[in-house]
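> how would this look folded up:
(2 chains)
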Number of protein chains: 2
Amino acid sequence: MATRENFIIDTEPVPPLRDGEIEIDTKFVSLDPAMRGWMSEAKSYAAPVGLGDVMRAYAAGHVVASRHADFREGDAVVGVFGVQSHPVVDGARALKVDTRQAPLERWIGGLGMPGWTAYFGLLEVGQPKAGETLVVSAASGAVGSVVGQIGKIKNLRVVGIAGGAEKCQYLTEKLGFDAAVDYKAGNLVGDLKAACPAGIDVYFENVGGAVFAAVLKLINQNARIPLCGLIADYNATEPRPAPNLRPLLVKRALIKGFIISDHSGRAGDFQRDAGAWVRAGQIKYREDIVDGLEHAPSAFLKLFAGANFGKLLVRVSPDPTRRAT
Amino acid sequence: MATRENFIIDTEPVPPLRDGEIEIDTKFVSLDPAMRGWMSEAKSYAAPVGLGDVMRAYAAGHVVASRHADFREGDAVVGVFGVQSHPVVDGARALKVDTRQAPLERWIGGLGMPGWTAYFGLLEVGQPKAGETLVVSAASGAVGSVVGQIGKIKNLRVVGIAGGAEKCQYLTEKLGFDAAVDYKAGNLVGDLKAACPAGIDVYFENVGGAVFAAVLKLINQNARIPLCGLIADYNATEPRPAPNLRPLLVKRALIKGFIISDHSGRAGDFQRDAGAWVRAGQIKYREDIVDGLEHAPSAFLKLFAGANFGKLLVRVSPDPTRRAT
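Numbers count the residues shown, from 1 in each chain, chains lettered A, B, ... in the order given. So this is what the prediction gives:
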């Protein structure tokens, strides 16, 4: 389990800008389960963050100084800028966003990587057909909440799994899910079965562990399981076993891992569709905002206790002593 | 674990033929891991065999009496005729085969369901590309041996996993595999890594358990895992866990279960290709033949100890007292 002691908070001068670089005044830092993977030396799709390096993270802010032709002071930008208040990065690593269409923080949430992950994983990997039953775990979270709402737009029966009555109520009452199952209520398999009378056709997998095992008992023939995350395992020292895969064989089902950054060339469809859905009010999005960059480490640990409710962000406090140079 | 005591040997008169039925003099009965599944009441793709019913099995024999227009005495036929010497079945359940092209037993082996399973699973589910590395488990068995040889025909690097030096030698020296790994030699992960210097692109999964775990450590990006069987688990009372699936996520890999009987409409390509390969000597096939129907139960149990070497068949002893009626 990652702990508060894995992080230190440090201050150093902002380096002078070189040609092609921009300096950003960070407003929001995104805290994501994937960061746990970046802290590990285990082989993964991204190089690990070295000891003593700035912790890698998505962030959103405004350009305060630019030596890159495409950016000027005041531009709203998002990118992998790290957990820091005044990153200096190559302009090629920043993406301009339009804050008249949606607030800045939404561009690292529902309209950013989590939304694109939901869209691609559900539609491309999951291949859902109208009338099928979709189950999504971590359903009130950054990705899961969008998965379920896209499922409703695509005329699926949508069942969300989340922890606690408040989150479950949010799924059905605010996001329009057909049913919600509280995995903390002690009757996961029975409750899931009751919520999925026609079985499960697509399972958007975010968590692993006991939830995955319960779902496998209920999958239909030719079920599809986009594998987005296994958050229940991320802090395990020894990788924990998966449930027996016999249901995959018997049901001719598919599990497919995907990493959204492999498919960024195909993000245009998402931006077009999601933009329209957001403007039409068909996708609602909840942020769980923690104030103060100094609280990023403890906020990050909430992810693994299921303690956040919505996309977890840190809002960086304005620093009156700091001026763009 | 299935035991000898799960079976009884019984004798009863052959029933009179009704219209549309044929009586078969069984020459060979096929013993397959899937039979273990049919003995279980767990939900599966086929109804369980009831207590006291004839054990379900593929078999091959000659028609000795026919009241079906498509069959006459002497026709060689294969089908799911059960572990019995003189089955009487609806002619619609029998398939005529040509014993001038290949011996009778081959039509329930390399040219029958095991061969078709190998062909479909490797080519349709595994989607191999020339130059990729294919690993197959239970590689000297009924399905695995064909998987590997088709792999060579398709210009893959083929690595077989089998138990014991004799089987491994057979794979490389007789079947043309590029390498073989003896899972009983005590260094599975290291030996597999040495045999797959470029990682694993396709893993044809027959066994589950420790072999599956070792393979997952070595899969390449976009690896494909056709899930054909999990024989190591078939006798477990409680389904045994699978390895942690994090490598699927990190490597964007796919696992897909398949049941060959779903795709029998597409068997024409297999029959054309496999027939040509067998005639050209490109596919060799080994049968492990046990004499005497009364030994079927004990022979069946060999499958789960890895004690058979090649497609396990029972040759039914000629019965001089029995005549076609």
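> Now for A:Ala139, which secondary structure element holds it?
Following DSSP states H and E, there is no helix or strand that holds A:Ala139.
> hmm, I was thinking of A:Ile161
A:Ile161 belongs to strand A:157-162, assigned by DSSP H and E.
> Got the phi and psi for A:Gln221?
phi -60, psi 140 (degrees, to the nearest 10).
> How confident was the prediction at it?
A:Gln221 is assigned 95 on the pLDDT scale.
> Next, count neighbours for it.
For A:Gln221, the count of nearby residues is 14 (other C-beta atoms under 10 Å in any protein chain shown). C-beta here means a position set from N, CA and C on the backbone, and glycine is covered the same way.
> quick one: low-confidence parts of the stretch 101-250 of chain A?
Low-confidence segments of the stretch 101-250 of chain A, defined by pLDDT under 70: A:232-239.
> Name the nearest residue to A:Leu95, sequence neighbours excluded.
In this structure, A:Leu95 finds its nearest non-sequential neighbour in A:Val78, 5.4 Å apart by C-beta to C-beta, 6 or more residues apart in numbering or on different chains.
> Kindly apply the preceding question to A:Gly306 instead.
A:Gly306 sits nearest to A:Gly163 (C-beta to C-beta, 6+ apart), 4.4 Å away.
> Now for the most centrally placed residue in chain A: which residues touch it?
Residue closest to the mean C-alpha point of chain A, counted by C-alpha atoms, centre = their mean, is A:Pro114 at 3.9 Å. For A:Pro114, the contact set (C-beta atoms under 8 Å, 6 or more residues apart in numbering or on different chains) comprises A:Asp32, A:Ala142, A:Val143, A:Val146, A:Lys311.
> you'd agree the fourth one is in a helix?
Yes. Assignment of A:Val146 by DSSP: H, G, I helix; E, B strand; the rest coil places it within a helix.
> State the distance from it to A:Leu171.
The gap separating A:Val146 from A:Leu171 is 12 Å, by C-beta to C-beta, to the nearest Å.
> what's the answer for the last one, then?
For A:Lys311, the distance to A:Leu171 under the criterion C-beta to C-beta works out to 15 Å.
> Who are the packing partners of the helix or strand where A:Val135 lies?
Using DSSP H and E, A:Val135 sits in strand A:133-136. Contacts defined by 3 or more C-beta pairs under 8 Å, 6 or more residues apart in numbering or on different chains; DSSP states H and E place strand A:133-136 against helix A:144-153, strand A:157-162, strand A:200-204.
> Need phi/psi at A:His62.
Note on A:His62: its backbone torsions stand at phi -120, psi 140 [degrees, to the nearest 10].
> same question, A:Ala213
Phi and psi for A:Ala213, reported as degrees, to the nearest 10, are phi -60, psi -40.
> Residues of chain A that sit close to chain B?
Residues of chain A lying near chain B by C-beta under 8 Å from any C-beta of the partner chain: A:43-45, A:208, A:227-230, A:233, A:236, A:239-246, A:248-259, A:262.
> list the contacts for the residue in the stretch 1-150 of chain A that chain B sits nearest to?
Residue nearest to chain B within the stretch 1-150 of chain A (C-beta to the nearest C-beta): A:Ser44, separated by 5.0 Å. Counting by C-beta under 8 Å, 6+ apart, A:Ser44 makes contact with A:Gly37, A:Trp38, B:Val250.
> would you turn those into CSV with secondary structure, distance to A:Ala92 and neighbour count?
Output for the contacts of A:Ser44, formatted as CSV (DSSP: H, G, I helix; E, B strand; the rest coil; distance: C-beta to C-beta, whole Å; neighbours: other C-beta atoms under 10 Å in any protein chain shown):
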residue, secondary structure, distance to A:Ala92, neighbour count
A:Gly37, helix, 24, 20
A:Trp38, helix, 21, 17
B:Val250, helix, 26, 18
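> how close does A:Met178 sit to A:Gln84?
Careful, residue A:178 is Asp and not Met. Between A:Asp178 and A:Gln84 the distance, using C-beta to C-beta, works out to 42 Å.
> about what we covered before: the residue nearest to the centre of chain A is in what secondary structure piece?
Element membership for A:Pro114 (DSSP H and E) is helix A:113-120.
> and what of A:Thr26?
A:Thr26 belongs to strand A:21-30 when assigned by DSSP H and E.
> Retrieve the pLDDT associated with A:Leu31.
Looking at A:Leu31, its pLDDT stands at 94.
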